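J.: Please work out how this folds:
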Amino acid sequence: MGELAIKVPDIGEGIAEVELVAWWVQPGETVAEDQVLADVMTDKATVEIPSPVAGKVIALGGTVGQLIAVGAELIRIEVAGGGHAEVAATQTQEPTLGPAPPPAPAPAPAPAALKPVPARASPPAQAHSEAGERPIASPAVRRRAWDLGIDLRQITASGTAGRIVQADLDAWLARHPGAQRAPQQPAQAPSGVERHDEEAVQITGVRRRIAQRTQESARRIPHFTYVEEIDVGEIERLRAVLNDRRDGERAHLTLLPLLVRAVVLAVQHHPQVNARFDDEAGVLTRHGAVHVGIATQTEAGLMVPVLRHAEARDVWSSAAEIARLAAAARAGHATRDELSGSTITITSLGALGGIASTPIINQPEVAIVGVNRIVQRPVVRDGAMLPRSMMNLSCSFDHRVIDGQLAAEFVQAVRAALESPALLFIDH
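T.: Numbering: from 1, shown residues only. Below is the predicted model of the structure:
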């Protein structure tokens with residue numbers, strides 16, 4: 001018998017290390033070729049690492065939450081034949097975003113040796129997993145199956161190379177409507193009884209990246225927040241009319257694509273707001289293209305998929321693309337390209353938006369537009385007190401490159417477009 005040291009692969013240009021977010025095997029277990037060994041995370045993407053060979057796991061190269069350099073040993077496997085070898089693993093698919101299921105502890109790694117080992121062909125699709133073989137599935141599919149109490153070995157795979165996809169879970173649930181387990185309710189402590197329990201939660205994966213990025217943004221950027229109220233009665237009425245008259249080919253309009261259009265018009269006259277600032281080089285890059293980051297809440301945490309070239313889209317195109325991006329992010333299917341390159345970000349909590357907020361800038365951008373909830377308030381119009389639908393915009397700016405007057409002018413331009421929605425459909 002020989003040993004194979006599998007190394008962390010080169011996942012993408014400029015990536016020097018990855019975070020280990022889940023192990024799918026343990027020492028002593030037998031693994032099949034192309035079976036997923038571990039999930040690792042880059043800046044924004046979770047990547048599955050498959051085994052290039054069949055064999056028996058000898059040692060794991062790290063613990064969950066550990067940062068591992070590209071090229072370092074990830075796992076050691078006992079294989080048929082003699083001698084020792086090492087090989088870089090390959091990712092099973094384009095990196096996608098998604099939560100990782102509950103991880104398991106791992107022992108220290110064993111030393112590595114040198115000699116390449118070729119990979120063999122992938123297993124066929126449309127089959128149940130054989131006994132002892134771990135099913136092939138993305139982190140999002142594994143998490144959903146875990147939550148539903150479904151053993152993936154029961155699922156017939158329809159994806160490439162025997163991969164189980166979301167549609168396979170849907171088909172299994174349709175055939176077994178009563179099989180999924182009910183969500184567990186947390187135990188309630190008796191009233192009036194002192195509690196001394198505590199829980200230590202390891203911050204890993206997406207949540208760790210969010211913590212690092214928000215901390216870095218708050219530390220490096222002097223935030224300046226400007227809050228303005230907007231009468232959205234007219235645009236809400238227009239939105240209702242457009243939705244009533246839309247045909248089946250057009251997307252349903254929420255306020256968000258209309259706000260995107262207002263931002264596009266505003267940055268035409270205030271290009272400094274649609275920019276990215278390299279504070280180390282001292283260079284502010286103002287972009288003609290408006291790539292709008294749409295802050296989206298997912299089970300894994302807050303993600304920012306990017307609506308590209310909003311300046312070239314109408315409101316229906318923007319609505320359809322926003323819906324597609326949000327669904328991809330929540331399902332764990334968003335690619336690295338869909339999660340990077342924004343020039344300005346919009347964040348909204350909808351009905352939970354509160355009265356005002358102080359959103360943190362998505363560095364290296366220089367502005368973020370925060371949407372608060374719509375409420376009915378009494379407003380004076382022409383000497384009369386009238387009920388109006390009012391909404392606050394809470395926008396934060398990088399005060400190093402955006403002065404207070406410029407920030408106010410930008411927000412007022414957005415306000416003017418939303419309060420006179422006909423302006424949204426006129427080329428400026």
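
J.: contacts and neighbour counts: CA atoms only from here.
T.: Will do.

J.: low-confidence ranges in the stretch 101-250 of the chain?
T.: Applying pLDDT under 70 to the stretch 101-250 of the chain flags residues 101-134, 139, 160-161, 178-190.

J.: If you count neighbours, what's buried in the helix or strand containing V379?
T.: According to DSSP states H and E, V379 maps onto strand 367-381. Across strand 367-381, burial judged by 16 or more other CA atoms under 10 Å covers A367, I368, V369, G370, V371, N372, R373, I374, V375.

J.: Determine how far stretch 416-426 lies from the middle of the whole chain.
T.: Its chain's C-alpha centre and that of stretch 416-426 lie 31 Å apart, by CA atoms, centre = their mean, to the nearest Å.

J.: Mind checking the pLDDT average for that stretch?
T.: On average, the pLDDT along stretch 416-426 is 93.

J.: Straight-line length of it, end to end?
T.: Stretch 416-426 has an end-to-end distance of 13 Å (criterion: CA to CA, to the nearest Å).

J.: and what of stretch 61-70?
T.: 12 Å.

J.: how about that stretch: buried residues?
T.: Here stretch 61-70 shows G61, G62, T63, V64, G65, L67, I68, A69, V70 as buried, counting by 16+ other CA under 10 Å.

J.: Next step: those restricted to strands.
T.: Mapping these onto strands (DSSP state E) picks out L67, I68, A69.

J.: Would you reformat those as TSV and include pLDDT and distance to A416?
T.: What follows is those, written out as TSV (pLDDT from 0 to 100; distance: CA to CA, whole Å):
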residue	pLDDT	distance to A416
L67	88	48
I68	90	50
A69	90	51
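
J.: re earlier: and the strand holding V379, which strands flank it?
T.: strand 344-348 (parallel), strand 384-398 (antiparallel) (DSSP bridges).

J.: Can I get the ones you listed in CSV including mean neighbour count, distance to S191 and mean pLDDT?
T.: Shown next, in CSV, are the strands paired with strand 367-381 (neighbours: other CA atoms under 10 Å; distance: least, CA to CA, whole Å; pLDDT from 0 to 100):
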stretch, mean neighbour count, distance to S191, mean pLDDT
strand 344-348, 24, 37, 96
strand 384-398, 20, 40, 94
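
J.: Which one, of those, ends up nearest to D231?
T.: Evaluated with CA to CA, the strands paired with strand 367-381 place strand 384-398 nearest to D231, the distance being 4.7 Å.

J.: Let me see the residues that make contact with the closest one.
T.: 221-233, 355-361, 366-380, 407, 411 (CA atoms under 8 Å, 6 or more residues apart in numbering).

J.: In the stretch 151-300 of the chain, mark out all the strands, start to finish.
T.: With DSSP state E, counting those that start in this stretch as the criterion, the stretch 151-300 of the chain has strands at 163-164, 223-231, 275-278, 283-286, 292-294, 296-298.

J.: Buried ones in the second one, by neighbour count?
T.: Just to be clear, that refers to strand 223-231. Residues of strand 223-231 classed as buried by neighbour count (16+ other CA under 10 Å): H223, F224, T225, Y226, V227, I230, D231.

J.: ok, those residues vs E216, which is closest?
T.: Among the buried residues of strand 223-231, and counting by CA to CA, the member closest to E216 is H223, at 12.3 Å.

J.: ends of stretch 329-345, how far apart?
T.: With CA to CA applied, stretch 329-345 spans 16 Å between its terminal residues.

J.: Now do the buried residues in it.
T.: 329-336, 338-339, 341-345.

J.: Over to stretch 208-227?
T.: Buried-residue list, stretch 208-227, by 16+ other CA under 10 Å: R209, I210, R213, S217, I221, H223, F224, T225, Y226, V227.

J.: Looking at the buried residues of stretch 329-345, which are in helices?
T.: If you go by DSSP state H, those have A329, R330, A331 in helices.

J.: Near the residue nearest to the last one when sequence neighbours are not counted, how many other residues are there?
T.: This points to A331. Once flanking residues are discounted, A331 sits nearest to A140: 6.5 Å by CA to CA, 6 or more residues apart in numbering. Residues near A140, counting by other CA atoms under 10 Å, number 24.

J.: Let me see the ranges of the helices in the stretch 201-350 of the chain.
T.: For the stretch 201-350 of the chain, helices defined by DSSP state H, counting those that start in this stretch occupy the ranges 205-220, 233-245, 255-269, 315-331.

J.: Compare those helices and give me the one nearest G159.
T.: Among these, the nearest to G159 by CA to CA is helix 315-331 (16.3 Å).

J.: so what does that closest one touch, helix or strand wise?
T.: Helix 315-331 sits against helix 255-269, strand 296-298, strand 306-307, with contacts defined as 3 or more CA pairs under 8 Å, 6 or more residues apart in numbering; DSSP states H and E.

J.: Any idea how far it is from the middle of the chain?
T.: With CA atoms, centre = their mean, you get 13 Å for helix 315-331.

J.: Give me the angle between that helix and helix 255-269.
T.: Angular relation of helix 315-331 and helix 255-269 on a 0 to 180 degree scale: 110 degrees, by axes from the mean of the first three to the mean of the last three CA atoms, to 10 degrees.

J.: in helix 315-331, what's buried?
T.: The neighbour-count check on helix 315-331 (16+ other CA under 10 Å) flags 315-316, 318-322, 325-326, 328-331 as buried.

J.: and which of those residues is nearest to G81?
T.: Proximity to G81 was ranked across the buried residues of helix 315-331 by CA to CA; first place goes to A331, at 41.5 Å.

J.: Do I have it right that the closest one meets R143?
T.: No. Assessed by CA atoms under 8 Å, A331 is found out of contact with R143, at 10.4 Å.

J.: Spit out the residues that contact these two alike.
T.: Residues touching both A331 and R143 (CA under 8 Å, 6+ apart): there are none.

J.: Find the helix or strand that the closest residue to Q166 other than its chain neighbours is a member of.
T.: Among residues not flanking Q166 along the chain, V141 sits closest, at 6.0 Å (CA to CA, 6+ apart). In this assignment (DSSP H and E), V141 forms part of helix 139-148.

J.: packing partners for that helix?
T.: Counting by 3+ CA pairs under 8 Å, 6+ apart, helix 139-148 packs on no helix or strand.

J.: Buried ones in it, by neighbour count?
T.: For helix 139-148, burial by neighbour count (16+ other CA under 10 Å) applies to P139, A140, V141, R142, R143, R144, A145, L148.

J.: ok, the most centrally placed residue in the chain - contacts?
T.: For the chain, M303 is the residue whose C-alpha lies nearest the centre (CA atoms, centre = their mean; 3.6 Å). Applying CA under 8 Å, 6+ apart to M303 gives the contacts A295, T296, Q297, A329, L339.

J.: Verify the contact between the third one and A328 for me.
T.: Which is Q297. No. Using CA under 8 Å, Q297 makes no contact with A328, being 11.6 Å away.
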